[in-house]
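[1] here's a sequence, model it:
(chains A, B, C and D)
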2 protein chains.
Amino acid sequence: MPMDNSLLLNSIAKYVTLDEQEEQMLLSILHYKKARRKQFVLEEGDISAKIIFVTGGCLRSYAVDKNGTEHELQFAPAGWWITDMRSYITAEPARLNIDAIDDSEYIFINKNDFEELNIKVPKFERFNRIIGQNAIATYQHRQIDNAIFAAMERYANFCQLYPSLIKTLPQKQVASYIGVTPEFLSKMLNTQIVK
Amino acid sequence: MPMDNSLLLNSIAKYVTLDEQEEQMLLSILHYKKARRKQFVLEEGDISAKIIFVTGGCLRSYAVDKNGTEHELQFAPAGWWITDMRSYITAEPARLNIDAIDDSEYIFINKNDFEELNIKVPKFERFNRIIGQNAIATYQHRQIDNAIFAAMERYANFCQLYPSLIKTLPQKQVASYIGVTPEFLSKMLNTQIVK
DNA sequence: CTTCCCTCTTAACCTACATTAAGTTTTCTT
DNA sequence: AAGAAAACTTAATGTAGGTTAAGAGGGAAG
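    Predicted coordinates:
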């Protein structure tokens, strides 16, 4: 059954040009899956032996603290990659949960296939090296932003950076991403009305 | 003049095996530099058109907030890579400063050379893809740790993760890395004595 | 239409950590 | 070895954001 791979292929094509055969090798290792709203894609304690590319809906990754409070690490709408990288690399149990915020569709690639394809198709490895660097840049700046900015500024940054997410996400998840409680975000937003 | 490249070559050899010619291509693009304690290697506002590998001493990267307070992003003792990745990728002015904590020596590779070598030597690109993934894993967990743990636990984590750095770094830099003021870290450490 | 659950809000009170300011010790520099 | 500059400590006071609790809308399932 032919699946829609165009989002993935276009995203790769931004950085490298795969020939017919290389593209075939990639397509041959893709798996397709759907997750309904709130369904887990990866559960804390599992081993994350795959890498995930979202093609529809929205996934998220988060960790749960000792009080049971969730802390969002990442939102992954269509076109984004998501995984627990530590667990992927070391095959240790994942600390992150990944679940579906909306009914979602995604492609996943098993670790063995992914590693093998990187070796067989250098252009694919280039693509991964480059998007890896992009992710590092993002994490570096998120770390600095958290250290430097107060909650209100982090909220403003989030709105600017992810305008489409702001419209669809429940406020409590935005709160968790920027590192405050939902109560505090609510208060912050409703106290600022008149300056 | 022959320089000591063994640290770099060993670090690459952990992941890939370069042949004679590949190694030569790598060596031909290396530049060697020293920085005295407190000297800048990259200054906020500059464009970070290179990638740095520390061979001796210790560098650090940090950002400065509007009050002039420094916030440590990374310590890079011998064997570590360091750069402002956003600035490297986009050629925008860096937000990070990189300077020397101790008298240090480092290798740097200019962006053009680095990108070209990645294309010419797929094994080098593999190495970079892999260490990029490692860096992502580290940043993911640092983000989560900051969200989940209180200052004392973050300090304990730091001690466990970087036992050698704890001995050499001034306390105020550790404080900055874990995200508290030096005053608070001092109080924390000196109040815990008798439980 | 209603019940249930989930999200958001409001408000009182609480705490981890920041700020300011001195004083002390360690370390560079000369 | 002296003097200056950093680094560390202590303590009083301040505040951003957390916690707890209760109520109000809103949408999905029956």
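[2] what's next to the helix or strand of chain A with the lowest mean pLDDT, contact-wise?
    Across the helices and strands of chain A, the lowest-confidence element by mean pLDDT, DSSP states H and E is helix A:163-168, at a mean of 92. By CB atoms under 8 Å, 6 or more residues apart in numbering or on different chains, the list of residues contacting helix A:163-168 from outside reads A:C58, A:F75, A:P77, A:D102, A:F158, A:C159, A:V174. Glycine gets a C-beta too; all of them are placed from N, C-alpha and C.
[3] among these, which one has the lowest pLDDT?
    Note: of those, the lowest pLDDT belongs to A:D102, at 90.
[4] close enough to count as contact, that residue and A:G57?
    Yes: here A:D102 reaches A:G57: they are 4.3 Å apart, a contact under CB atoms under 8 Å.
[5] tell me, what's touching the two both at once?
    Shared contacts of A:D102 and A:G57, counting by CB under 8 Å, 6+ apart, come down to nothing at all.
[6] circling back to that earlier point, and the furthest pair within the contacts of helix A:163-168?
    The largest separation in those, counting by CB to CB, is between A:D102 and A:C159 at 19.8 Å.
[7] next, the angle from the helix ranked longest in chain A to helix B:122-148.
    Ranked by residue count and defined by DSSP state H, the top helix of chain A is helix A:122-148. With axes from the mean of the first three to the mean of the last three CA atoms, to 10 degrees as the criterion, the two stretches helix A:122-148 and helix B:122-148 enclose an angle of 30 degrees.
[8] who's more crowded, A:D102 and A:G57?
    In this comparison of A:D102 against A:G57, neighbours counted by other CB atoms under 10 Å in any protein chain shown, the higher total goes to A:G57 at 19 against 15.
[9] isn't that one right up against A:A78?
    Yes: taking contacts as CB under 8 Å, A:G57 lies within contact range of A:A78: 7.1 Å.
[10] just want the angle from the helix or strand following the longest helix of chain A to helix A:122-148.
    Using DSSP states H and E, the helix or strand that follows helix A:122-148 towards the C-terminus is helix A:151-161. Compare the direction of helix A:151-161 with that of helix A:122-148 by the same axes, to 10 degrees and you get 150 degrees.
[11] now for helix A:151-161, which elements pack on it?
    Counting contacts by 3 or more CB pairs under 8 Å, 6 or more residues apart in numbering or on different chains; DSSP states H and E, helix A:151-161 packs against helix A:122-148, helix A:163-168, helix A:171-178, helix A:182-191.
[12] roughly how far is it from the heart of the chain?
    Here the centre of mass of C-alpha atoms in helix A:151-161, compared against the chain's by CA atoms, centre = their mean, to the nearest Å, lies 19 Å away.
[13] tell me the contacts of A:V41?
    Taking CB under 8 Å, 6+ apart as the definition of contact, the neighbours of A:V41 are A:K33, A:A35, A:I52, A:L59, A:I98, A:D99, A:A100, A:Y106.
[14] apply 7 Å and report the result again.
    By CB atoms under 7 Å, 6 or more residues apart in numbering or on different chains, A:V41 lies in contact with A:A35, A:I52, A:L59, A:I98, A:D99, A:A100.
[15] check the gap between it and DNA strand D for me.
    When CB to the nearest atom of the strand, to the nearest Å is the yardstick, A:V41 and DNA strand D sit 20 Å from each other.
[16] right, and A:D103 touches A:L59 too?
    No: in this structure, A:D103 is not within contact of A:L59 by CB atoms under 7 Å, at 11.0 Å.
[17] can you pick out the residue with more neighbours from those two?
    A:L59 (25 against 14).
[18] residues contacting the more buried one?
    With contacts defined as CB under 7 Å, 6+ apart, the neighbours of A:L59 are A:V41, A:A76, A:I82, A:I98, A:D99, A:A100, A:I101, A:S104, A:Y106.
[19] if we use 10 Å, what do you get?
    A:35, A:39, A:41-42, A:52, A:74-78, A:80, A:82, A:98-102, A:104-106 (CB atoms under 10 Å, 6 or more residues apart in numbering or on different chains).
[20] quick check: PyMOL command selecting the buried ones in those residues.
    Here the buried members of the contacts of A:L59 are turned into a PyMOL selection, burial being counted by 16 or more other CB atoms under 10 Å in any protein chain shown:
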select buried, chain A and resi 35+41+42+52+74+75+76+77+78+80+82+98+99+100+101+104+105+106
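[21] let's see which of the contacts of A:L59 end up in strands.
    Here DSSP state E is the test, and the contacts of A:L59 give A:35, A:41-42, A:52, A:74-77, A:82, A:98-100, A:104-106 as lying in strands.
[22] disregarding residues adjacent in the polypeptide, which is nearest to A:E92?
    Setting aside the residues directly before and after it, A:E92 is nearest to A:R86 in space (CB to CB, 6 or more residues apart in numbering or on different chains), at 6.7 Å.
[23] still on that earlier bit, how about the CA coordinates for the least confident helix or strand of chain A, as PDB?
    Output of helix A:163-168 as PDB, limited to C-alpha atoms (Å, rounded to 0.1, in the frame of the first residue of the first chain):
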ATOM      1  CA  PRO A 163       2.600  30.800  16.400                       C
ATOM      2  CA  SER A 164       0.600  27.800  15.100                       C
ATOM      3  CA  LEU A 165       1.100  25.700  18.200                       C
ATOM      4  CA  ILE A 166      -0.100  28.500  20.500                       C
ATOM      5  CA  LYS A 167      -3.500  28.400  18.800                       C
ATOM      6  CA  THR A 168      -4.000  24.700  19.200                       C
END
